[in-house]
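In: Following is a predicted model, sequence given first.
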Amino acid sequence: MRTHAVAIVGSGPSGFYAAGALLDAEDPPVRVDMFDRLATPWGLVRAGVAPDHPKIKSVSTQYEKIAAQPGFRFFGHVCLGEDVTVDELLERYDAVIYAVGSQTERRLGIPGEDRLGSLASVDFVGWYNGHPDYADLEPDLGASRAVVIGAGNVALDVARMLLLTEDELRGTDTADHAVDVLTASGVREVVVCGRRGPAEAAFTTTELRELDDLPGLAVVVDPAQVPDAAGDADLPKATRRNVELFRKWADRGDGTGDRRMEFRFLRSPVAILGDGEDGPVTGVELGINRLETDDEGRVRPVDTGERETLECGVLLRAVGYRGVALPGVPFDEATGTIPHTEGRIEGREREYVVGWIKRGPTGIIGTNRKDANETVRGLLADLAAGTREDATIASAEEVEQWLSQRCPDLVDLDGWEAIDAHERAAGQDGGRPRRKVVDRTAFMALVREQARAQ
Ligand code: NAP
């Protein structure tokens, strides 16, 4: 049986887990070409995970092992829909897997959402992580109070990043432009607003717990908002742990830290305030909710009609991510995902999907392994069914030739490894894991220097 060729579009965790599962296949054997529109791989592991979470980022060593396997190639600076089309990929490969994640934000749909100083967490996270698309964000962090809308791990990441001290930031791979702004920031208080209660929040306990490890940070919760201990026994284990933590912070009182993170529950943003129609953010109007359990047992926030205003100079919207349609690929607007059955794209042959663009923006990095395995199982079964045996596909060399003509700034695996080595070496002096390059011209200078040296 001939070696089959699979293109994977997107190089984040789900793409890499799919690549690993494909390269493990022997019957038929598979080679993998992975594409990314950026010069750098690893998706949200590089550009999403908070820089003060190096342990989570270290999952990239798994991806390096996959990339080192024979049969794997990386092609950066290749954008589907701009540089290459779906049809062109299908002409050259036995199958294509989309692993592009959820690249935009879920909107709040309230007045003032686009005021200066009202920032999508997708943009802010990309900015502090050195994602080239967000390097020019220039957030104004002059005010002393920031508000974060949302009660998930991304809300917690951005709240923490806003309050880290210079020392806590310096040892991380936070982009240089963000280190400068964050260390000069006036923000000393962040209010994290959840629309439901502590028991319904989406934070994971490990992430919450580590707030206690940040010296000088007072964690503040109104005791009236934390459910009574008498009900703890009825809660699922993870929820109970969260509630116990919130109760501990509530019992402890305001604390003595010079930085303050307050959790304010049962609050939905109603309007983002500022002068006139488009003046910068000066505050947020919050609607106060009560909770109601519906017929399906889901706890829902219900507006009581009461309002409160919270002044702030910057507002982060962290209410979830959303997928973006790929040119020429089916897309479900309602869910922001590609419609599929167990990873096989509906109505298509030889096209598959993995990760957040398959199941929506949920789960931790490891969730993508199982998800990718499901898709790859189906893909391999389709290949083994034999219908592609006589098909003509492009050889590895033909693909490389085609891409180098099509994409003048192509970055191959050697190019990425040169960027990686440069960033790690540049970080050494400051005791940082890496000092990120963010600019396309700078990426290409490193890639071309490496190519010349070969
Ligand atoms: P998430 O976990 O889905 O949390 C979204 C939050 O936004 C929820 O609290 C949700 O409240 C709230 N929300 C949604 N619509 C809202 C609205 N209109 N008004 C007010 N609040 C609203 O999403 P995420 O924080 O973006 O995280 C995405 C995934 O990445 C999650 O699976 C997360 O665990 C993971 N992640 C993990 C880590 C880590 O492990 N360290 C770090 C970052 C992200 P409701 O519950 O009421 O809908």
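Out: Thanks, I have the structure now.

In: only C-alpha atoms for contact and neighbour calcs from this point on.
Out: Noted.

In: Contacts for stretch 440-454, please.
Out: 39, 132, 409, 411, 414, 415, 416, 418, 419, 437 (CA atoms under 8 Å, 6 or more residues apart in numbering).

In: Please disregard the earlier target; I meant stretch 63-83.
Out: 9, 13, 16-17, 19-20, 23, 30-42, 84, 86, 326-328, 406-407, 409-413.

In: what's the distance between it and the middle of its chain?
Out: 19 Å (CA atoms, centre = their mean, to the nearest Å).

In: what about that stretch, start to end distance?
Out: 25 Å (CA to CA, to the nearest Å).

In: buried set for that stretch?
Out: With burial defined by 16 or more other CA atoms under 10 Å, the residues of stretch 63-83 counted as buried are 63, 66-67, 71-80.

In: Equivalent analysis for stretch 211-230, please.
Out: With the criterion 16+ other CA under 10 Å, stretch 211-230 contains buried residues 216, 217, 218, 219, 220, 221, 222, 223, 225, 226, 227.

In: same thing with stretch 408-421?
Out: For stretch 408-421, by 16+ other CA under 10 Å, it's 409, 410, 411, 412, 413, 414, 415, 416, 417, 418, 419, 420.

In: Just give the nearest non-adjacent residue to residue 427, would you?
Out: residue 434 (4.2 Å; CA to CA, 6 or more residues apart in numbering).

In: so who does the one you found touch?
Out: 172, 173, 423, 424, 425, 426, 427, 428.

In: returning to that earlier point: could you tell me which of the contacts of stretch 63-83 belong to helices?
Out: 13, 16, 17, 19, 20, 23, 86, 406, 413 (DSSP state H).

In: Give me the buried subset of those residues.
Out: Here, 16+ other CA under 10 Å leaves 13, 16, 17, 19, 20, 23, 413 buried among the ones in helices among the contacts of stretch 63-83.

In: about what we covered before: now the residue nearest to residue 427. Its backbone dihedrals?
Out: Residue 434 adopts backbone torsions of phi -170, psi 160, taken as degrees, to the nearest 10.

In: circling back to that earlier point, going by distance to the ligand, which of the ones in helices among the contacts of stretch 63-83 wins?
Out: Closest to the ligand out of the ones in helices among the contacts of stretch 63-83 is residue 13 (12.3 Å), distances taken as CA to the nearest ligand atom.

In: so the closest one sits right up against residue 368, yeah?
Out: Yes. If you go by CA atoms under 8 Å, residue 13 and residue 368 touch, sitting 6.6 Å apart.

In: Give the residues shared as contacts by these two.
Out: With CA under 8 Å, 6+ apart as the test, residue 13 and residue 368 both reach residue 355.

In: and the helix or strand of the chain with the lowest mean pLDDT, how far from the chain's centre?
Out: Lowest on mean pLDDT, DSSP states H and E among the helices and strands of the chain sits helix 166-170, with a mean of 92. Centroid separation for helix 166-170 versus its chain: 22 Å, with CA atoms, centre = their mean.

In: residue furthest from the geometric center of this structure?
Out: Most distant from the centre of the chain: residue 390, at 39.8 Å, with distances by CA atoms, centre = their mean.

In: ok, back up a step: which member of the buried residues of stretch 63-83 is positioned nearest the ligand?
Out: residue 63 (18.0 Å).

In: one step back: tell me which entries of the buried residues of stretch 211-230 lie within helices.
Out: Short answer: the buried residues of stretch 211-230 have none in helices (DSSP H).

In: Greatest separation within those residues: which pair is it?
Out: 216 and 227 (26.7 Å; CA to CA).

In: residue contacts, residue 154?
Out: By CA under 8 Å, 6+ apart, the neighbours of residue 154 are 121, 318, 320.

In: okay but the last one is in contact with residue 102, surely?
Out: So that's residue 320. No. Here residue 320 does not reach residue 102: they are 9.4 Å apart, not a contact under CA under 8 Å.

In: between these two, what contacts are shared?
Out: residue 361.

In: can you pull out the helices in the stretch 151-300 of the chain?
Out: 153-163, 166-170, 176-183, 205-209, 237-252 (DSSP state H, counting those that start in this stretch).

In: which one of those has the lowest average pLDDT?
Out: Note on the helices of the stretch 151-300 of the chain: lowest mean pLDDT is at helix 166-170, with a mean of 92.

In: Which positions in that helix come out as buried?
Out: 169, 170.

In: Would you mind listing the outside residues contacting it?
Out: Contacts of helix 166-170 (CA under 8 Å, 6+ apart): 52, 179, 182, 183, 430, 432.

In: of all these, which comes closest to the ligand?
Out: Looking across those and measuring by CA to the nearest ligand atom, the closest to the ligand is residue 52, at 10.2 Å.

In: For the closest one, grab phi and psi.
Out: Dihedral angles for residue 52 - degrees, to the nearest 10 - are phi -90, psi 10.

In: Now do it against residue 358, distance only.
Out: From residue 52 to residue 358 the distance is 28 Å (CA to CA).

In: neighbour count winner among those two?
Out: Taking other CA atoms under 10 Å, residue 52 and residue 358 do not tie; residue 358 has more neighbours (30 against 19).

In: In which helix or strand does the more buried one reside?
Out: Using DSSP states H and E, residue 358 sits in helix 356-359.

In: Give me the helices and strands touching the helix or strand containing residue 369, please.
Out: If you go by DSSP H and E, residue 369 is part of helix 367-384. Judged by 3 or more CA pairs under 8 Å, 6 or more residues apart in numbering; DSSP states H and E, the packing partners of helix 367-384 are helix 13-23, strand 344-345, strand 351-353.

In: Report the backbone C-alpha coordinates of it in PDB.
Out: Taking C-alpha atoms only, helix 367-384 is exported to PDB below (Å, rounded to 0.1, in the frame of the first residue of the first chain):
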ATOM      1  CA  THR A 367      -8.900  17.200  25.600                       C
ATOM      2  CA  ASN A 368      -7.600  17.600  22.100                       C
ATOM      3  CA  ARG A 369      -5.800  14.300  22.100                       C
ATOM      4  CA  LYS A 370      -8.900  12.200  22.400                       C
ATOM      5  CA  ASP A 371     -10.700  14.500  20.000                       C
ATOM      6  CA  ALA A 372      -8.000  14.200  17.400                       C
ATOM      7  CA  ASN A 373      -7.800  10.400  17.800                       C
ATOM      8  CA  GLU A 374     -11.500  10.100  17.000                       C
ATOM      9  CA  THR A 375     -11.000  12.000  13.800                       C
ATOM     10  CA  VAL A 376      -7.900  10.200  12.800                       C
ATOM     11  CA  ARG A 377      -9.500   6.800  13.400                       C
ATOM     12  CA  GLY A 378     -12.200   7.700  10.900                       C
ATOM     13  CA  LEU A 379      -9.700   9.100   8.400                       C
ATOM     14  CA  LEU A 380      -7.500   6.000   8.500                       C
ATOM     15  CA  ALA A 381     -10.500   3.800   8.100                       C
ATOM     16  CA  ASP A 382     -11.500   5.800   5.000                       C
ATOM     17  CA  LEU A 383      -7.900   5.500   3.600                       C
ATOM     18  CA  ALA A 384      -7.800   1.800   4.400                       C
END
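
In: Fine by me, we can end here.
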